[in-house]
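Asker: Task: produce atomic coordinates for the following.
(chains A and B)
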Amino acid sequence: MSLPLPVLLGALAQAQATEVAPALQLLGQPGAPDANYAGGTAATSALMLMLAAAECAALPIREAALAAAARPLVGDAATGRDARVAALGALANREALVLLANAAEAEWQSIAGPLGLPLPVPVE
Amino acid sequence: MPAEHLARFLSEHWGEPVSISGLKRFHGGSARQTYRFDAHGASGRHAALVLRRDPPSSLIETDRLAEYRALECFAGSDVPVPQPLFCDTGADSFGSPGFLMREVPGGMAAGLLEPEPYGDHAAAIGRQLFTALGRIHAEDPARATLPAIAPGDAAPARLAHWRAAFEADRFRPEPVVDAGLAWLAAHLPPPPPRVAIVHGDYRSGNFLHDGAGRLLAILDWEMVHAGDPLEDLAWACDPLWSNFSGRPGATLPLAEAIALWEAASGEALDPVRWRWWRLFAQVQGLVIWISAAREVLDGRSHDPVLMFAGTIPYRFHTLTLARALETLN
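Answerer: Numbering: from 1, shown residues only, chains lettered A, B, ... in the order given. Down below sits the predicted model:
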């Protein structure tokens, strides 16, 4: 995800207090003005918690694999997601682009798996 | 949005005491807060209305007056839209800039991850959807009082717009976006034959249907502008909005969608512009998702919808854009 995992986890914790808890209070009141909004907020938050949990579990293994694949191209910069991505981008060659695309696919699959989603299907 | 606030506003507007019932805020739609309600005048007058107003933190910066004027342009035409009623670009009427329109009864919208959202009616919806898009593009942008733009500026202006948004909101290395922007800048397309009204967010989820194959209303015009019509067509046909079906908008095959659009717009698809705008759609999407994440990162919003936008669509478009760039020279 574009948000670093610690930021996402912190934002989700904050959202539970400021967005979800008030929303849950409304869910038992279908006539309340914000009940529809509350249901959607609670459901989206639950979805994000599930994705964050999946990301926590998948991140170390995925990062190790992506770093290993990038190390021949960018050396020590391969360690650490942002440094690796920046170094691959700076190379601006086809080999680096393939690694970036493979990383994007691995990142997609780590959240698509829990949701039962396939790889993107081309429209052509 | 307290009902008392709406009652006070409508009482002044209708010139009689008005009461409000059935007030409900819709979930999603991060660029606007959207409410529906019933207004009852003392004389027996009744209206089912929708209010769209600016939120404190928005996914994208948009112009509510342009949206309102676009609705005015197509109200009563063969492009189905909700009837616009009143717009206030200040905060006096609704607490923040916003506008009122009539509710479209019985409408439903597709979810991003919902498989086959139109069931057996997918092709029927697609025929109406891409015909309506062509009709929008056949209309004169002056009728929507959109700022004029020269055909040759259409692509460079949109590229500059999203590049500026990206530079303002990026917070991590994004080499796939950098590479996409570089390719777009190096391969600017020929200008369109003429400038058109571009809806700006024409896609599944932004229109209402009746569940039985009838398109009821095109919504969410907040990104409307004058430009190249292929910008809309490419966005509508982006894989993100296909619900993993391989068909644009999860409706009908791409070739049929394009043929319908050509017939209604009166323009033949230019394959060079088409290739450019299809890549542009993915870059634009990524910038929107990055901007959403930036709202969360900076603490301006804790809305889970923005977290969702910064996660699933972000990763989807990072992957599709990277794969697309692999195929380009």
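Asker: Could you give the secondary structure assignment for the residue in the stretch 1-150 of chain B that chain A sits nearest to?
Answerer: Nearest residue of the stretch 1-150 of chain B to chain A, counting by C-beta to the nearest C-beta: residue B:27, 2.5 Å away. Bear in mind the C-beta positions are built from the backbone N, C-alpha and C, glycine included. Under DSSP: H, G, I helix; E, B strand; the rest coil, the three-state class of residue B:27 is coil.
Asker: what pLDDT does it get?
Answerer: Predicted confidence (pLDDT) for residue B:27: 76.
Asker: do residue B:178 as well
Answerer: For residue B:178, pLDDT reads 98.
Asker: Can you tell me what sits against stretch A:8-25?
Answerer: With contacts defined as C-beta atoms under 8 Å, 6 or more residues apart in numbering or on different chains, stretch A:8-25 is touched by A:1, A:3, A:34, A:37-39, A:41-42, A:45, A:48-49, A:52, A:55-56, B:296-297, B:302-304, B:307, B:311.
Asker: repeat that for 6 Å
Answerer: Residues outside stretch A:8-25 that contact it (C-beta atoms under 6 Å, 6 or more residues apart in numbering or on different chains): A:38, A:41, A:42, A:45, A:48, A:52, B:296, B:302, B:304.
Asker: Sort those by pLDDT and name the bottom one.
Answerer: residue A:38 (81).
Asker: That one: which element?
Answerer: Assigned by DSSP states H and E, residue A:38 falls within helix A:35-74.
Asker: Can I get the very next helix or strand once past that helix in CSV? Just the C-alpha atoms.
Answerer: Heading C-terminal from helix A:35-74, the first helix or strand you meet, by DSSP H and E, is helix A:81-91. What follows is helix A:81-91, C-alpha atoms only, in CSV (Å, rounded to 0.1, in the frame of the first residue of the first chain):
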residue,chain,number,x,y,z
ARG,A,81,11.5,-0.9,0.6
ASP,A,82,11.8,2.8,-0.2
ALA,A,83,15.6,2.8,-0.8
ARG,A,84,15.2,-0.2,-3.1
VAL,A,85,12.4,1.3,-5.1
ALA,A,86,14.1,4.6,-5.4
ALA,A,87,17.3,2.9,-6.5
LEU,A,88,15.5,0.8,-9.1
GLY,A,89,13.7,3.9,-10.4
ALA,A,90,17.0,5.7,-10.8
LEU,A,91,18.3,3.0,-13.0
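Asker: what comes up buried for helix A:81-91?
Answerer: A:81, A:83, A:84, A:85, A:86, A:87, A:88, A:89, A:91 (16 or more other C-beta atoms under 10 Å in any protein chain shown).
Asker: mind listing what the residue of the stretch 1-150 of chain B closest to chain A touches?
Answerer: A:37, A:40 are the contacts of residue B:27 under C-beta under 6 Å, 6+ apart.
Asker: does chain B sit close to stretch A:72-81?
Answerer: No: counting by C-beta under 6 Å from any C-beta of the partner chain, chain B is not contacted by stretch A:72-81; separation bottoms out at 8.3 Å.
Asker: Now do that stretch: everything it contacts.
Answerer: So stretch A:72-81 is contacted by A:67, A:70, A:71, A:83, A:84, A:87 (C-beta under 6 Å, 6+ apart).
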